[in-house]
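Participant: the amino acid sequence is not available; the structure is as follows:
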């Protein structure tokens, strides 16, 4: 991101984007019912995780089916700091990115030599293996029971200034600054020279190598950055109540990938739309299904059926995703 | 550099789009009208919430509990409901993923505005929401988990009450039996490495049952029993274990028996914790493998287990008779075959109805919590043990009887007449319980208050 | 010694099934350039069909062959309905990049998996059932002790070896097989030389579908059948294919046996809790030494 710093116009643009994002979320969030405020907090958490997929897969072209494992690393780092050392979440959550960054560096070193399905396979096994460590080192990670953590209560200066928020509102307010920072960095990164270099690696590995890009080292950098996003998302996801193996299953990694593709795997806006769809779709489907007399067996599986069908349709009709079609028009 | 152009789209476009997307999300979302002062209670209706895995790897068996509960509530509603209010049960599927449980709890609390949670299934999933539910003062009644951590510290979780005996209590009672009956045998255990399996091991150890670590204990990760338990059975066989305790779910017990059969391992005795000793699941799995019901019944025969309630096969038990009839008439679930899970669902429905009746016409959250806490003795059910609720603990059934499967897949008491044993989830002794279960009324409705 | 033999036998028979799963993945990867995550969803679906037939009084073999046929038909159908339209999108900007061409079909196959699991849940409920074996499930006696190796395991290993032989002959000796290899190497060149690439692609989906249905039929007697039980088998099978080399059918089989043995020996000698970490360790060691798997050559697709 050093070269972004040299270009003030990129920073200004990302900054404007972030401010608008914050205002939009606050404006819309304040009109929501508590349930939807909590859902909006989930959107923001997933959004950070989906950005890690956007950077890794969309921008640099590496498939990871194991971002959920890196989320677990971030979650456990935060939870261990909070429960064992009573560290405030405002320090513990940023600290989680160190844990996730280190994990990402190790993963990146292994992954630098791999591509396509070989990388997908490795990351998938990582998603499966990492949560089992919790049971292997019971005394530290507390096994399946996990480590309960939450966002707690707002500090008194906050309630004095803004009044007593509901628990859901407070969840939203805790998550929002992190999502905004993530958006700012992702936006900077994508606009910067580094981002363009990563895209060139994605599109033409050989050509990029010829132009003097140290291909393996860049791949490791991408992994570290993507892991930091995933770790941050994982820390915040754990703060919804529990950090434990059943919070970060393999399915979580696949959900992030689904959101990224639905929205458009190459754009930040796409990451956001995809996340909104993935989080709110089950509610919309329930709403529609309420009008029909379906047996429990059918209605139980309906959300999974419809969202999977939607995923297939998106990919077949417009692989570039919702935002992908959108930005073609602007070209 | 085409991508770059696409990314430098004006920021105002972005904010407008973000707002539009979110506004769209909101427009789709129904906002239920705020009712009376107590959420989920109107003059005509009481709304209850429940979370369980209805889909996914952990769902088999448990996905029948909610249907049985709803069947009982529908029966109550057909008789005029509770104090003129009908009971509505809203069930959310969390697929046994704790991240989802947080969301479905939020939906039940904020969207469906439930009065109370009842009969939620699962330990890990419930851990993720129990603190929030308690903080909000929402009654969290008759939880279908035997994890003692939820119940033994009522100061920490004042609104949570159990719906099963704890794994520890059951293991201690079985442990005493094992120690007395099989003192000359080598006892081994196969258990799933989660809270359930580990609490079972701890309970047995408290009762004085000894396993040489590693040598007579075989483990597996919950959910992986589908791959067979060959290695585990081989390990027990190599250590000459002749009494095998199974601390695992029913499909794992079936896998263990199949694997043992495969390697010609015939332990003298199988002892199965009640969670895993479901004859229907056992026979269904083996049946579909081409093993005739008579053969699987023979495999099950002689197996020792424990229960807090009558066995589903006790056709002459008045509760079993009444619940079975209601199940036949009112259960609209996809699989309503009568078994432990259905019996347990019916029982929770009965208990919940009792608690609502007992709290009275003026139904509030603190009201029902204090009623349940102080009137455990009045809340009878099919169980052969009273509820343990009180100031010091919110454990449900502290009594279990020990039985042995006969040739007709019915669990028959090992003592005649049946003896029920009781203990606590800590280090207390196991003693015999004298309890006379109140009869069920002719209309199968609780008569409380 | 007993334990060693037991672990060896147990690992070999499990390994045979992982080999079959890996083989199915390799066939579609070579034939269509797609890593098919829906594969065990297809297998689950056709095994349910077999199970339903058998429970309704048909013989095991009716269920067996109908399932193989259904697996092949489903595979072909998925290619025609989903994967072919997707590959026709190669001209779009997104799919012009190599990595996206690999990523997008993976995501489509995850969607297919979701659909199949949801449909199976709706049709057959989420209950767990067993599935019969065509041969005895009692272990043979070796040197006085009963081993976890049964007539059924022997049946499994034989079937897998026969399938492997047939596949090899098919790819090396038949015109269609050679055409499929050519398509795998370079679709454009194959098309220009008159090969009906659409047909060979669909055929590889069908063959893979049948092979994975076979795996489903062979693994469910020792596990149980529910919409999700084969998820783990897919992950292990995929790992086996990656370890052996995705481009090599022989590598897939080798990888399958390696994983079967690793899992078995770790379970017998260490602890089941170490299984996944051990799989990860094996995978990383192999890929660090040979990034394209043990028998995978240099990728002809690249550059």
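Facilitator: Cool, got the structure. These figures come from a predicted structure and were not determined experimentally.

Participant: list the buried ones in stretch B:397-407?
Facilitator: Using 16 or more other CB atoms under 10 Å in any protein chain shown as the test for burial, stretch B:397-407 gives B:397-405. No exception for glycine: its C-beta is placed from N, CA and C like everyone else's.

Participant: mind listing the helices for the stretch 151-300 of chain C?
Facilitator: C:151-173, C:175-185, C:187-192, C:197-219, C:231-244, C:249-269, C:275-289 (DSSP state H, counting those that start in this stretch).

Participant: next, count neighbours for the residue of the stretch 51-200 of chain A found nearest chain C.
Facilitator: Closest to chain C within the stretch 51-200 of chain A is residue A:61: 3.1 Å, counting by CB to the nearest CB. Neighbours of residue A:61 under the rule other CB atoms under 10 Å in any protein chain shown: 24.

Participant: from the chain's centroid, how far away is stretch B:194-201?
Facilitator: Between the centre of stretch B:194-201 and the centre of its chain there are 15 Å (CA atoms, centre = their mean, to the nearest Å).

Participant: contacts for it next, please.
Facilitator: Residues outside stretch B:194-201 that contact it (CB atoms under 8 Å, 6 or more residues apart in numbering or on different chains): A:135, A:143-145, B:123-124, B:146-149, B:166-168, B:170-171, B:189, B:191, B:211, B:217, B:219, B:222, B:245, B:247-248, B:273, B:275.

Participant: filter those down to just the ones in strands.
Facilitator: B:189, B:191, B:217, B:219, B:245, B:247 (DSSP state E).

Participant: got the helices of the stretch 151-300 of chain C as JSON lines, with mean pLDDT, mean neighbour count and distance to chain A columns?
Facilitator: Output for the helices of the stretch 151-300 of chain C, formatted as JSON lines (pLDDT from 0 to 100; neighbours: other CB atoms under 10 Å in any protein chain shown; distance: least, CB to the nearest CB, whole Å):
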{"stretch": "helix C:151-173", "mean pLDDT": "87", "mean neighbour count": "17", "distance to chain A": "20"}
{"stretch": "helix C:175-185", "mean pLDDT": "75", "mean neighbour count": "18", "distance to chain A": "14"}
{"stretch": "helix C:187-192", "mean pLDDT": "73", "mean neighbour count": "14", "distance to chain A": "16"}
{"stretch": "helix C:197-219", "mean pLDDT": "90", "mean neighbour count": "26", "distance to chain A": "15"}
{"stretch": "helix C:231-244", "mean pLDDT": "91", "mean neighbour count": "28", "distance to chain A": "4"}
{"stretch": "helix C:249-269", "mean pLDDT": "91", "mean neighbour count": "24", "distance to chain A": "11"}
{"stretch": "helix C:275-289", "mean pLDDT": "89", "mean neighbour count": "18", "distance to chain A": "4"}
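
Participant: so which of those helices is nearest residue A:85?
Facilitator: Each of the helices of the stretch 151-300 of chain C has some distance to residue A:85 by CB to CB; the shortest is helix C:275-289, at 27.1 Å.

Participant: of the buried residues of stretch B:397-407, closest to residue B:346?
Facilitator: The closest of the buried residues of stretch B:397-407, once distances to residue B:346 are taken by CB to CB, is residue B:397, at 15.2 Å.

Participant: who does that closest one bridge with?
Facilitator: residue B:387 (DSSP bridges).

Participant: which residues touch it?
Facilitator: When contacts are taken as CB under 8 Å, 6+ apart, residue B:397 is in contact with B:162, B:164-165, B:169, B:308, B:383, B:385-388.

Participant: low-confidence ranges, the chain, go.
Facilitator: Picked chain A for this. For chain A, the stretches flagged by pLDDT under 70 are A:1-6, A:204-213, A:324-331.

Participant: not quite, go with chain B.
Facilitator: If you take pLDDT under 70 as the line, chain B has these spans: B:1-36, B:223, B:225-227, B:449.

Participant: how about the residue nearest the centre of it: what's its closest non-neighbour residue?
Facilitator: Centroid-nearest residue in chain B: residue B:144, 3.1 Å away (criterion: CA atoms, centre = their mean). In space, residue B:144 comes closest to residue B:121 once its chain neighbours are excluded; the distance is 4.4 Å by CB to CB, 6 or more residues apart in numbering or on different chains.

Participant: what is the neighbour count of the one you found?
Facilitator: Residues near residue B:121, counting by other CB under 10 Å: 28.

Participant: do I have it right that it meets residue B:61?
Facilitator: No: if you go by CB atoms under 8 Å, residue B:121 and residue B:61 don't touch, sitting 9.8 Å apart.

Participant: can you tell me how far whatever residue of the stretch 151-300 of chain B ends up closest to chain A sits from residue A:135?
Facilitator: Among the residues of the stretch 151-300 of chain B, residue B:194 lies closest to chain A, at 4.2 Å counting by CB to the nearest CB. Applying CB to CB, to the nearest Å, the value for residue B:194 to residue A:135 is 8 Å.

Participant: identify the contacts common to the two.
Facilitator: Residues touching both residue B:194 and residue A:135 by CB under 8 Å, 6+ apart: A:143-144.

Participant: which strand in chain C has the most residues?
Facilitator: strand C:145-150.

Participant: next, the angle helix C:249-269 makes with that strand.
Facilitator: If you take axes from the mean of the first three to the mean of the last three CA atoms, to 10 degrees, strand C:145-150 sits at 140 degrees to helix C:249-269.

Participant: which of the residues in strand C:145-150 are buried?
Facilitator: Neighbour counts using 16+ other CB under 10 Å place C:145-150 of strand C:145-150 among the buried residues.

Participant: please list which of these are also close to chain B.
Facilitator: Applying CB under 8 Å from any CB of the partner chain, the subset of these adjacent to chain B comprises C:146-148, C:150.

Participant: closest one of the residues you listed to residue A:162?
Facilitator: Nearest to residue A:162 among those, counting by CB to CB, is residue C:148 at 65.1 Å.
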